[in-house]
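>>> task: produce atomic coordinates for the following.
(one chain, ligands or ions: 2)
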Amino acid sequence: MAVLADYQREIYFRGLDGVLPDLPTDLDALERTAERRLEPRAFAYVAGAAGTESTARANRAAFERRRIVPRMLSGVADPDTSLELFGEWMAAPVLLDPVGVLTIMHPEGELAVARAAAALGTTMVLSTAAGHTMEQVAEASAGGSRWYQLYWPKDRDLAESFLERARSAGYRALVVTLDNHTLAWRPRDLDQAYLPFLRGVGIANYVTDPVFQKAVGSPIGEHNLREAVLAWTATFGDASLSWKDVPFLREHWDGPIILKGILHADDARHAADAGMDGVVVSNHGGRQVDGAIAALDALPAVAAAVGDRVDVLFDSGIRTGSDVIKALALGARAVLIGRPYVYGLGLAGEAGVRHVIRSLLADLDITMTVCGIPAVGEITPEILAA
Ligand SMILES: Cc1cc2nc3c(=O)[nH]c(=O)nc-3n(C[C@H](O)[C@H](O)[C@H](O)COP(=O)(O)O)c2cc1C
Ligand SMILES: O=C(O)C(=O)c1ccccc1
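Ligands and ions are numbered 1, 2, ... in the order given. Here you go, the predicted structure:
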């Protein structure tokens, strides 16, 4: 919809009054600005990835390798970027990824992201590992679309409690992240011995949960923060989970369920067989398995394996409108962005997040127009060079 492209016009016309954008409109350049201006350890935590970061680089290289072949005289003046996803109407096929510990970027963290997303009609996926509680974020995103991302804890009662809380706070869909039950080997963080959670950042949903409190003692505050953090590390992830455990999710969540972190076609088939509604093809932005396949390279086989049995979403490396088009061409129905909006948050709070969303959506809208693509639902593999 042309309204998305208004950001371009707005920027140029403000320029006539001598006003330049506060932040770069190229989301790759935004990372370099973030590196200069943000607290070095917090920046390193966000920018970093596993091992030699080869998978993080491969994610971008996979987009670089694919090329679009634009069409002329297609008569597309106003491309339709909208879609229906899990029964929800969305203005564009772009959502905000779950990202933990956002309060290391900005004191308002998840609240600022929720406000920006709600104002622009973009869906926010809230991480379990947040600096504000899911109830606080729900209040900040009033009227907005919100999904909840579960880090499936060892304690089943705690998992149930999280799902119950998310449901009553109005989160529509459940994203269950499978690729991060164990923190990966991340040299940027290791070399600075920096892990935000050990300082009690990002555990708001845990310390306010009655089930968690039972294990630590209530109330949880400065006096027992150390015990709380230890209890958090003990329950956070469960590497012993297997496909046998997946029915638990269905028993405790009656809305759409999406499994995040899928890279193999057989895992996508398992998800479909287990009655899941969606998968996110993702390698966690290269943060978990160094040497893992680029997420974009994993996408075609996953999409082919599940057909329309489950909806396929995608993340890891999306930075431009044409990246969105490439991912959709290779089988995704929608994409999510991670680091770019986190840098926006760190640099300018809610306004920075808005800048990132508006930049990407305007770029998508304009790129569809110049490629002659009438609607996101009509993006097929043929749009890419063989
Ligand atoms: C700082 C940071 C924290 C993250 N925390 C979470 C999280 O709590 N839950 C989750 O499912 N994924 C988390 N992710 C992964 C993102 O959801 C997403 O998969 C990844 O950032 C996508 O790649 P991109 O950053 O290249 O867009 C995190 C990523 C970053 C950079
Ligand atoms: O850092 C991450 O990638 C991540 O997913 C995470 C893990 C635990 C808590 C917060 C974020």
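>>> close to ligand 2: what parts of the chain are there?
G100, V101, A129, N180, F197, G202, H284, R287 (CB under 6 Å from any ligand atom). (C-beta placed from N, C-alpha, C; glycine too.)
>>> as TSV, these with pLDDT would be great.
Formatted as TSV, the residues of the chain next to ligand 2 follow (pLDDT from 0 to 100):
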residue	pLDDT
G100	98
V101	97
A129	98
N180	98
F197	91
G202	97
H284	99
R287	98
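>>> dump these to a markdown table, plus neighbour count and secondary structure.
Listed next are those as a markdown table, based on neighbours: other CB atoms under 10 Å; DSSP: H, G, I helix; E, B strand; the rest coil:
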| residue | neighbour count | secondary structure |
| --- | --- | --- |
| G100 | 24 | coil |
| V101 | 23 | coil |
| A129 | 24 | coil |
| N180 | 17 | coil |
| F197 | 17 | helix |
| G202 | 25 | coil |
| H284 | 26 | helix |
| R287 | 25 | coil |
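>>> out of those, who's near ligand 1?
G100, A129, H284, R287.
>>> ok, so of these, who is nearest ligand 2?
G100 (2.5 Å; CB to the nearest ligand atom).
>>> ok, that closest one - contacts?
For G100, the contacting residues are S127, T128, A129, A130, G202, by CB atoms under 8 Å, 6 or more residues apart in numbering.
>>> tell me which element the residue nearest to G317 when sequence neighbours are not counted falls in.
Among residues not flanking G317 along the chain, N59 sits closest, at 3.3 Å (CB to CB, 6 or more residues apart in numbering). Element membership of N59, judged by DSSP states H and E, is helix 54-65.
>>> please compute how far that helix lies from its chain's middle.
Mean-position distance between helix 54-65 and its chain equals 18 Å (CA atoms, centre = their mean, to the nearest Å).
>>> and it, what other elements does it pack with?
helix 295-306 (3 or more CB pairs under 8 Å, 6 or more residues apart in numbering; DSSP states H and E).
>>> just checking the helix it packs on against ligand 1, any contact.
No: using CB under 6 Å from any ligand atom, we find that helix 295-306 stays clear of ligand 1, coming within 7.8 Å at best.
>>> tell me what that helix is packed against?
Using 3+ CB pairs under 8 Å, 6+ apart, helix 295-306 sits against helix 54-65, helix 265-273, strand 278-281, strand 311-314, helix 321-329.
>>> ok, and for that helix, which residues are buried?
A295, L296, D297, A298, L299, A301, V302, A303, A305, V306 (16 or more other CB atoms under 10 Å).
>>> isn't there a strand covering W89?
Yes: the assignment for W89 (DSSP: H, G, I helix; E, B strand; the rest coil) places it in a strand.
>>> mind listing what it touches?
By CB under 8 Å, 6+ apart, the contact set of W89 is S82, L83.
>>> how about whatever residue of the stretch 201-350 of the chain ends up closest to ligand 1, phi and psi?
Among all residues of the stretch 201-350 of the chain, G338 sits closest to ligand 1, at 2.3 Å; criterion: CB to the nearest ligand atom. Dihedral pair for G338: phi -110, psi -90, per degrees, to the nearest 10.
>>> isn't it right next to D315, touching?
Yes: using CB atoms under 8 Å, G338 is in contact with D315, at 6.2 Å.
>>> near ligand 1, which residues of the stretch 101-250 of the chain are found?
Selection of the stretch 101-250 of the chain residues close to ligand 1 by CB under 6 Å from any ligand atom yields S127, A129, Q149, T177.
>>> pull the most distant pair out of the residues you listed.
Spanning the widest gap among these are A129 and T177, at 9.8 Å by CB to CB.
>>> so where do the strands sit in this structure?
Using DSSP state E, the strands of the chain run over residues 83-85, 88-90, 94-96, 124-127, 146-150, 174-177, 257-262, 278-281, 311-314, 334-337.
>>> quick one: strands adjacent to the second one?
When you say that, I think you mean strand 88-90. Based on DSSP bridges, the pairing partners of strand 88-90 within the sheet are strand 83-85 (antiparallel).
>>> so which residues make contact with the strand it pairs with?
So strand 83-85 is in contact with W89, M90, A92, P93, D311, R333, A334, V376, G377, going by CB under 8 Å, 6+ apart.
>>> which of those residues lies closest to ligand 2?
For the contacts of strand 83-85, the nearest to ligand 2 is A334 (20.2 Å; CB to the nearest ligand atom).
>>> could I get the contacts of strand 83-85 as JSON lines with pLDDT and distance to S218?
Below are those laid out as JSON lines (pLDDT from 0 to 100; distance: CB to CB, whole Å):
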{"residue": "W89", "pLDDT": "97", "distance to S218": "41"}
{"residue": "M90", "pLDDT": "98", "distance to S218": "39"}
{"residue": "A92", "pLDDT": "98", "distance to S218": "43"}
{"residue": "P93", "pLDDT": "98", "distance to S218": "43"}
{"residue": "D311", "pLDDT": "98", "distance to S218": "40"}
{"residue": "R333", "pLDDT": "98", "distance to S218": "43"}
{"residue": "A334", "pLDDT": "99", "distance to S218": "40"}
{"residue": "V376", "pLDDT": "98", "distance to S218": "48"}
{"residue": "G377", "pLDDT": "97", "distance to S218": "50"}
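>>> give me the buried entries from these.
Buried among the contacts of strand 83-85 by 16+ other CB under 10 Å: M90, A92, P93, D311, R333, A334, V376.
>>> can you name the two of those that sit furthest apart?
A92 and D311 (15.7 Å).
>>> let's see the pLDDT reported for the residue nearest the centre of the chain.
When CA atoms, centre = their mean is applied to the chain, the residue found nearest the centroid is D97 (1.1 Å). Model confidence at D97, expressed as pLDDT, equals 99.
>>> burial measure for the nearest residue to A204 once chain neighbours are set aside, as a count.
Nearest non-adjacent residue to A204, counting by CB to CB, 6+ apart: T133, 4.9 Å away. Look at T133: counted by other CB atoms under 10 Å, it has 19 neighbours.
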